[in-house]
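[1] Prediction below, plus the sequence it came from.
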Amino acid sequence: MGEGILVVICDGLGDRPVRALKGASPLEAATRPNMNHFAGKGACGIMDIISPGVRPGSDTAHLAILGFDPYKVYTGRGPFEAMGVGMEVRPGDVAFRCNFSSVNENMEIVDRRAGRIRERTGELARALDDWEFEGVKVFFKEGTEHRGVLLLRAEGLSPLVSDPDPHEEGVRPHECVPKAPEAALTARVVNAFVKRSYEILRDHPVNRDRIKAGQKPANIILPRGAGIMPHLPSIKERFGMSSAALAGVALVKGICRVAGMELLEVKGATGGLDTDMGAKMEAALEALEGHDMVLVNIKAADLAGHDGDFRMKANVVKRIDKALGVLRKGLPRDVHLALTADHSTPCCAKDHTGDPVPLAIFGPNVRPDNVRSFGERSCAQGGLGRLRGMDLLPVLLDLAGRTEKFGA
Ligand code: ZN
Ligand code: ZN
């Protein structure tokens with residue numbers, strides 16, 4: 001029997017020097033005795049999640065950390081967008097990103113974003129959700145603001161269809177055309193869905209209210225960017241490990257689910273800034289009793305980074321560190337812990353960047369190096385050097401004695 005693996009991903013933790021922090025990053029500026037403990041007793045490095053300079057999304061980043069090549073499995077954003085809004089996505093499902101849009105009585109698009117609608121899209125979406133056409137199950141869910149996701153489920157669907165969204169205003173929606181013979185059914189369903197969306201949304205109470213209030217009606221759905229959910233071999237199939245994930249955000253949950261991980265819910269884990277991180281760590285320790293590998297995602301640092309709020313981000317680091325005290329006390333001796341991030345979200349950029357992230361691996365079989373603190377600069381001096389996200393699992397599996405020899 002091999003040993004356990006715990007991966008703690010502090011979403012968006014990596015950052016750049018902040019002048020107001022005397023050139024330190026929010027991570028480096030924060031009090032973090034527990035992070036420093038794991039880095040000091042462990043082996044450190046930095047990680048290019050996808051490859052140097054590539055700005056990862058949280059979806060492609062988690063795919064890479066779970067050992068998938070995102071360039072091979074991430075063929076279209078649709079299915080991952082669907083996960084992001086909390087839809088269940090199965091292999092073979094075809095999904096589209098969509099806009100709530102406005103058309104006039106001549107079916108010409110007057111606003112691709114329906115007056116940047118923000119409210120009550122859930123009511124509109126429910127009127128379109130859960131339909132069936134030619135044996136294809138059709139699901140629709142609202143996203144943020146004017147966005148939504150269309151998901152089709154049946155045998156033999158194909159993402160090789162053109163976009164009904166013409167990507168410009170003043171014209172009619174395009175017909176969805178199959179780019180290959182096997183995509184004919186998919187195209188028919190998409191065309192029927194777009195037509196039906198107009199028939200149902202045109203006189204929907206939400207739109208009557210919008211028109212009364214002088215706002216543009218969200219009276220049609222325009223799909224684009226079709227993608228098919230590939231079958232991803234599970235962690236069990238690839239490595240023979242049982243695995244579980246603790247994550248608050250729908251997108252990360254979705255990735256973990258398609259990787260075959262069991263999703264565990266934690267009371268108080270919201271995925272927001274107020275999330276109960278200590279409870280998550282307690283739950284991770286508990287999950288390690290029944291699973292070989294556990295992944296924990298803590299979202300808060302990414303949110304602070306997107307807000308450009310370096311003080312808040314440093315404060316988030318302090319809170320994460322306090323929660324890591326739970327692991328410092330209770331981590332079983334035969335478990336290897338990886339403490340890292342899925343990408344950098346520097347406060348100066350307010351978005352994800354390609355900067356490598358710090359990594360510390362702690363556990364019985366690591367070769368400690370001379371790094372004594374957990375930070376972007378200190379970890380760059382460590383014995384793990386510079387890895388790619390896809391390298392993380394092999395390194396952990398090797399430490400845990402779970403790999404097969406390559407060669408004789
Ligand atoms: Zn992320
Ligand atoms: Zn982010």
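    Received it, and whenever you're ready, just let me know what you need. Numbering: from 1, shown residues only. Ligands and ions are numbered 1, 2, ... in the order given.
[2] Every contact and neighbour count from this point should use C-alpha atoms.
    Will do.
[3] Who are the packing partners of the host helix or strand of A244?
    Take DSSP states H and E as the rule and A244 turns out to sit in strand 243-246. Secondary-structure packing of strand 243-246 (3 or more C-alpha pairs under 8 Å, 6 or more residues apart in numbering; DSSP states H and E): helix 250-258, strand 262-263, helix 277-290, strand 293-298.
[4] most neighbours per residue, which of these?
    Highest mean neighbour count of the helices and strands packed on strand 243-246: strand 293-298, a mean of 25 (counted as mean count of other C-alpha atoms under 10 Å).
[5] any idea of the mean pLDDT for it?
    Average pLDDT, strand 293-298: 97.
[6] what lines up beside it in the sheet?
    Partners of strand 293-298 in the sheet, by DSSP bridges, are strand 5-10 (parallel), strand 243-246 (parallel).
[7] Residues in contact with the first one: which ones?
    Spelled out, it's strand 5-10. The contact list for strand 5-10 (C-alpha atoms under 8 Å, 6 or more residues apart in numbering) reads 284, 288, 292-302, 335-342, 396-397, 400.
[8] starting at the chain centroid, how far to the very next helix or strand once past that strand?
    Next helix or strand after strand 5-10 toward the C-terminus (DSSP H and E): helix 26-29. Chain-centre distance of helix 26-29: 24 Å, with C-alpha atoms, centre = their mean, to the nearest Å.
[9] Give me the helices and strands touching helix 26-29, please.
    helix 310-330.
[10] Buried residues, the helix it packs on. List them.
    Using 16 or more other C-alpha atoms under 10 Å as the test for burial, helix 310-330 gives 310-327.
[11] For A380, which residues are in contact?
    Per C-alpha under 8 Å, 6+ apart, neighbours of A380: 44-46, 358, 386.
[12] Tell me the pLDDT of it.
    For A380, the model assigns a pLDDT of 98.
[13] Tell me the backbone dihedrals of it, please.
    Per-residue torsions, A380: phi -70, psi -20 (degrees, to the nearest 10).
[14] who in the protein is up against ligand 1?
    11, 58 (C-alpha under 5 Å from the ion).
[15] Now do the domain split for the chain, please.
    4-74+232-399, 81-227 (automatic domain parsing).
[16] before we move on, back to that, may I have the strand holding A244 as PDB, with CA atoms only?
    The C-alpha coordinates for strand 243-246 follow below in PDB (Å, rounded to 0.1, in the frame of the first residue of the first chain):
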ATOM      1  CA  SER A 243      -9.300  10.400  -4.600                       C
ATOM      2  CA  ALA A 244     -11.500  13.200  -3.200                       C
ATOM      3  CA  ALA A 245     -11.800  16.900  -3.700                       C
ATOM      4  CA  LEU A 246     -12.800  19.800  -1.400                       C
END
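[17] Other residues contacting that strand?
    With C-alpha under 8 Å, 6+ apart as the test, strand 243-246 has contacts from 235-236, 253, 256, 260-266, 280, 284, 287, 291-297.
[18] Next: stretch 105-124.
    Contacts with stretch 105-124, where a contact means C-alpha under 8 Å, 6+ apart, come from 99-104, 141-142, 144-146, 167-173, 201, 204, 206, 215-219.
[19] Span of stretch 343-356 from start to end?
    7 Å (C-alpha to C-alpha, to the nearest Å).
[20] Tell me the buried residues in it?
    343-348, 350-356.
[21] As TSV, those residues with secondary structure, distance to A20 and pLDDT would be great.
    Shown next, in TSV, are the buried residues of stretch 343-356 (DSSP: H, G, I helix; E, B strand; the rest coil; distance: C-alpha to C-alpha, whole Å; pLDDT from 0 to 100):
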residue	secondary structure	distance to A20	pLDDT
H343	coil	23	98
S344	strand	19	98
T345	coil	17	98
P346	coil	14	98
C347	coil	12	98
C348	coil	11	98
K350	coil	16	97
D351	coil	19	96
H352	coil	21	97
T353	strand	20	98
G354	coil	23	98
D355	coil	20	98
P356	coil	22	98
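[22] and the residue in the chain that ligand 1 sits nearest to, what does it touch?
    At 3.6 Å from ligand 1, S58 is the closest residue in the chain, using C-alpha to the ion. Residues near S58 by C-alpha under 8 Å, 6+ apart: 11, 251-252, 342-343.
[23] Quick check: which of the domains of the chain is buried the most?
    Most buried among these, counting by mean count of other C-alpha under 10 Å: domain 4-74+232-399, with a mean of 21.
[24] Give me the distance between P233 and G67.
    11 Å.
[25] wait, L21
    For L21 relative to G67 (C-alpha to C-alpha), the value is 35 Å.
[26] what does Q381 give?
    From Q381 across to G67, the span is 24 Å (C-alpha to C-alpha).
[27] show me where pLDDT drops low in the stretch 251-400 of the chain?
    269-272 (pLDDT under 70).
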